[in-house]
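J.: Starting from these lines, generate the structure:
(chains A, B and C)
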Amino acid sequence: MSLLSDLARLIAELILIFVVLTDLILLGSSRLTSTIRLSAWQGMALGFLPLMVSRAGFGPTTLRLVTLGAVLFAMKGFLFPRLLLRALRTAEVRHEIRPIVGFQASILAGIAIVAASFWMGGRLPLPRPAPTPLALPMALSTILIGLFAITTRANALNQVVGYLVMENGIFIFGVALAQEEPFIVEMGVLLDVFVAVFVMGIAIFHIGREFDHIEVDQLSSLKD
Amino acid sequence: MVIAALILIPMLSGSLAFFLADDRARRGLLVAVALAHFGLVGLVWRGWGAASTALAEASGAWLAIDATGLIFLSIVSTLFLAVSAYGVGYLARERRSAHVDVVEHLYFRNEPEAVFTGCLLLFLGSMTLVTVSQHFGLLWVGIEATTLASAPLIYFHRQHRSLEATWKYLLICSVGIALALMGNFLLAVATPGGSEDSGGLVLGNLTRGARSLDAPWLKGAFLFFLVGYGTKMGLAPLHTWLPDAHSESPSMASALLSGALLNCAFLGILRAYQVCLAAGQAAFCQDLLIGFGLFSMLMAAVFVLNQSDYKRMLAYSSVEHMGILALGVGLGSSGAFGSALHAVNHSLTKASLFLTAGNILGAYATKSIGDVKGVLRVLPASGVLWVAGMFSITGSPPFGMFLSEFTILKAGFDAGRGVVAAAYLGLLGIIFVGMSSLVLGMAQGEPAEPMAPRREKVWSILPPAALLLLSLAFGVYLPPTLRDALAEMSRSLGGR
Amino acid sequence: MAGGLFMTLAKSLIHPILALIFAPLMLGVIGRTKAILAGREGPPLAQPYHDLRKLLGKGAVYSRTTTWIFRAGPMIGLASTIVAVLLVPFGSCPAPLAFPGDLILFAYLLGLARLCTVLAALDTGSAFEGMGASREVLFSALAEPALLLGLAAVARETRSLSLSGMQAAQTLSAWSGAWLPLSLVAVALGVVLLSENSRIPVDDPNTHLELTMIHEVMVLDHGGPDLAFILYGAALKMWALAALLIGTVLPIRVGLPYTWPVDVALSLASMLGIAVGVGVVESTMARLRMSRVPQLLIFATTLSTLALVFEFGGLIR
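T.: Got it, this is the predicted structure:
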């Protein structure tokens, strides 16, 4: 039993490391298809997190936990990438052209964010024990890297990917540290995220048709 | 039972509206749902007493109507009724084929009307869900749903400026609301022994066991709620999407966005504030609310002066009033009552102004303040509403806004925050000067090209007039039931 | 006591001797692995030795445009690589030279060797060689932070600033407590190993097109004993980096006082394993486009930095 729970914790830690590594690679990648794909892998890995956290001895393993993981796996791993890739096809754009912060500088900033998250994570006293000491810093860095990507990417699609990364970070925090919300609320949250990506995909489609590109720094006719 | 009907009727008929091919039937459905919703809210009022709030909190149910929720629900329902009445005429006026954009004179087509009406009804359903949610998770789901349902409303006129506004709205608000989800999780971390043992993140349970909440994490949660829902509410400096979205959407949607939706986001902050209040962390939250409130008023004042677009002017005025709401709650005591009353009055007046702005836009085909002259002459009824609405929104007596703004001012002095009160008064003055010079400039004078006075349609005048009259009536006489509900709401916010 | 001292001295000399003898063999193993995976028989394992002997037996031809720098380059390069090998521990034997901070000397001895090769290449005045020199300098400048930051993470983990001290502190039980940063460093050093030794996916040692070469194009004008020095130096550099990887990061050893012969044997086996691994990587991957190489090296730097962050984060069990 204890060996099994150690193994589960090890896998949970590996998932967290994988997520942060994909965050960093995502920051340095200019190809839109590869950023979408990276976010998909991240989502698939996260699908296993609820199960691993519960097997590591934090909360019971219930059917709803498995369902949650499966839904997440399917949604973030397959549905979202397909939606986004379809929006990408209609926009006929392959690369992020001019990010506001360069790719190499973004990676450096990402590392700084990870370091800052570790610093912060070490200072926040958790009222309850966490499944792994990595959970809090990894959740924080994923949220912050997502925010960073949203603010420094001029491409609409990369902004959506940044939003998904941020969402993943919040999800890590929720699964690993907060007691789970009731099932129906969780499903509601997932439904909202799904519709959000869906509506954003439609918006990207319209932006691509209206402007012949999806660089949102060009959307600047409204200002005071 | 009533609550379920309140949510499900708009949701189901909204889904139905997507598939209704006949325009008339769809518009009829819109009005019928608005009437049914309004009637149901009336029913809730009839059965309502001050004890209901206590009951709602004690029951630990996820969906329940307390005083705060009921007031916001009534605002939503009243505005929706007015907007749908206005909308029947508005949608009939809109052309189906490609037509010319008033700003850049490029051709564009409208979104299919079925999508617009369907989203409008879904929007009503999700706002209702927000007002009746006692569970923080459900509240979050509702607020995110309002964003998603209202995004297509902004893009009704399919041209690139509204698309830009839609994108900013979607992305900025979704990110903000994602932060509020983080607030939910922090709140769950703050509950001792896990939230499930104590019945989940339900408002009543949380306030009852508030003393045992972990203070630093609770403060963190409030911060995330404030930033998250504050983005959606349009508190500066998180308001950047608001002027774009509210000026580019069709006027009937702007009225709902400014009058009803901003309040729903404010409700999210209030729920978090209630928990902090019960946990004895009010001082921390109040300073934040006052800071955000004053800063919002300042930003609004800066941008209202020299504004060249009258819909943007109204949007910045919304930023200002959201700041006043936050400020009132932050000042505490009678300020909370002031905020409650102010939310009601602001919604009525702002919706009326946006609908009137729609009339002006329809006649003049421009949104530029400089190009609109002589509204009083060309559109006599809309002109009167425009000027009266301006006096109301800037807080002149005898409108209800005067009463609520004065109450908040007094609360500022009572709380011993003279500097805050003085700054508040000064900013109100600046905005009054800015708005009145712009609005009066539009109302008077002669149009650049001679325009004959027009006979205005009843549908375009009656809804804004009714809303404005209601706000005027509340300035003169506050019905006892409403007063009780407002007092109850202000008590739950730590006021008197 | 004197016997103990003698033993320590003898043990510390084992690694340099092994390195000087077996370094070219690694190249042979890599070549053989690639040949087998490609379904060929391939050259004999001792082929690099034959090449070296052949080259040493030849005379050298020098262009009239070159100066003494061109002749000094290969010699200084080989000499500094040999000194670098002296700093690396092997098995459970400490290195002959060990002092706090020797990891920095190690990195810069390799840097000195590279500088000499680059200067010699530039001295020819050939456009091709200049191009190769510029690429070599760019990529090694990007690989250097990955190497140094990775070693810094290990230094933090083992609380030691000398390579031999790291090796002594790096036991299996210590490793299991810090597997996460150390495995990140291992991957980063692996990338550095490939890049610094001009291997696929960074550079193709067998390419015949000067335009795509990095390292090979720099030494086009060298011949005879000079080329032998360069080849031997390259083999030693590979050995040094591989030994560094298994010595300081991967504790593949028993670590008891009397098992040092076993440890040396285990380390030799690991060196063989690395050579085979490089061969497998070379046969299964394609060379990256030149513009993608910096991304790979930055990725390695990222891993090293992340490891350092983990170490200083203090959250590692």
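J.: For the rest of this, base every contact and every neighbour count on C-alpha atoms.
T.: OK.
J.: in chain A, which helix has the most residues?
T.: Longest helix of chain A, by residue count under DSSP state H: helix A:183-211.
J.: Show me what residue of the stretch 51-200 of chain C gets nearest to chain A.
T.: C:Leu180 (8.7 Å; CA to the nearest CA).
J.: Next one, pLDDT for B:Ser198 please.
T.: Looking at B:Ser198, its pLDDT is 52.
J.: same for the helix-or-strand element of chain A with minimal mean pLDDT, what does it pack against?
T.: The weakest-scoring helix or strand in chain A, judged by mean pLDDT, DSSP states H and E, is helix A:183-211 (a mean of 83). Packing partners of helix A:183-211 (3 or more CA pairs under 8 Å, 6 or more residues apart in numbering or on different chains; DSSP states H and E): helix A:63-74, helix A:80-91, helix A:156-176, helix B:136-154, helix B:160-190.
J.: quick check: angle from that helix to helix A:156-176?
T.: Relative orientation of helix A:183-211 and helix A:156-176, computed by axes from the mean of the first three to the mean of the last three CA atoms, to 10 degrees: 170 degrees.
J.: Pull out the buried positions in helix A:183-211.
T.: Within helix A:183-211, the residues that count as buried by 16 or more other CA atoms under 10 Å in any protein chain shown are A:185-190, A:192-208.
J.: again with stretch B:38-48
T.: For stretch B:38-48, by 16+ other CA under 10 Å, it's B:Phe38, B:Leu40, B:Val41, B:Val44, B:Trp45, B:Trp48.
J.: Show me how far it is from its chain's centre.
T.: 21 Å (CA atoms, centre = their mean, to the nearest Å).
J.: Stretch B:459-469 now?
T.: Distance, centroid of stretch B:459-469 to centroid of chain: 18 Å (CA atoms, centre = their mean).
J.: What's the mean pLDDT across it?
T.: For stretch B:459-469, the per-residue pLDDT averages 94.
J.: before we move on, what about stretch B:7-16?
T.: Averaging pLDDT along stretch B:7-16 gives 94.
J.: related to what we said a few turns ago, a markdown table please, covering the buried residues of stretch B:38-48 and showing secondary structure.
T.: Shown next, in a markdown table, are the buried residues of stretch B:38-48 (DSSP: H, G, I helix; E, B strand; the rest coil):
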| residue | secondary structure |
| --- | --- |
| B:Phe38 | helix |
| B:Leu40 | helix |
| B:Val41 | helix |
| B:Val44 | helix |
| B:Trp45 | helix |
| B:Trp48 | coil |
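J.: Near chain C, list only the ones from those.
T.: Subset of the buried residues of stretch B:38-48 in contact with chain C: empty, counting by CA under 8 Å from any CA of the partner chain.
J.: which one of those sits closest to B:Gly374?
T.: B:Phe38 (36.4 Å; CA to CA).
J.: Contacts only, for the closest one.
T.: If you count contacts by CA atoms under 8 Å, 6 or more residues apart in numbering or on different chains, B:Phe38 has them with B:Ser74, B:Ser77, B:Thr78, B:Leu81.
J.: most surrounded residue in those?
T.: If you count neighbours using other CA atoms under 10 Å in any protein chain shown, the busiest of these is B:Ser77, which has 26 neighbours.
J.: Report how many residues lie close to the closest residue to C:Pro225 other than its chain neighbours.
T.: In space, and not counting its chain neighbours, C:Pro225 is closest to C:Leu56: 4.5 Å by CA to CA, 6 or more residues apart in numbering or on different chains. For C:Leu56, the neighbour count with other CA under 10 Å is 17.
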